[in-house]
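Undergrad: Everything below, folded, please.
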Amino acid sequence: MHELSLVEALLDQLTSTAQAEDLQRITALTVSVGTLSHVSTEALRFCFEACQRGTVAESAVLTIESETGHARCPACQREAPAQDWLDCCPYCGQAGRQIIRGRDVRLKSIQGLH
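TA: Numbers count the residues shown, from 1 in each chain. Presented below is the predicted three-dimensional model:
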């Protein structure tokens, strides 16, 4: 379950940000999860809720947003949504499209109290 290591890194980032911004605690955060990231949002939420105890984000509300995957075709250079890493171009049928969006997990926003 790589979601646990993602949450541990997220909590480290929240701790660093809270210290840098002089926040006493994090009250809310929004995370964007790409549809091509192979991250289970349910597992991510479960791990966050299990690991947030005793941290600066102990009572924080986690919002998870989905980012649709997009890919560019090397043949026709057109971009289109991608449901899978192996999708062919819907315009010309070429295989081997380059994923340009939707494979990341990103911290989008943080709210906290001073």
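Undergrad: okay, CA-based contacts and neighbour counts for the rest of this
TA: Fine.
Undergrad: Identify the residues contacting the lengthiest helix in the chain?
TA: If you go by DSSP state H, the chain has its longest helix at helix 2-20. With contact meaning C-alpha atoms under 8 Å, 6 or more residues apart in numbering, helix 2-20 is reached by 24-26, 39-40, 43-44, 47-48, 51-52, 55-57, 107, 112.
Undergrad: Can you tell me which of those residues is nearest residue 70?
TA: Residue 70 lies nearest to residue 39 out of those, by C-alpha to C-alpha, at 16.5 Å.
Undergrad: So the closest one: helix, strand or coil?
TA: Secondary structure, DSSP: H, G, I helix; E, B strand; the rest coil: residue 39 is coil.
Undergrad: Now it: closest residue in space that isn't a chain neighbour?
TA: residue 3 (6.6 Å; C-alpha to C-alpha, 6 or more residues apart in numbering).
Undergrad: Thanks a lot, see you next time.
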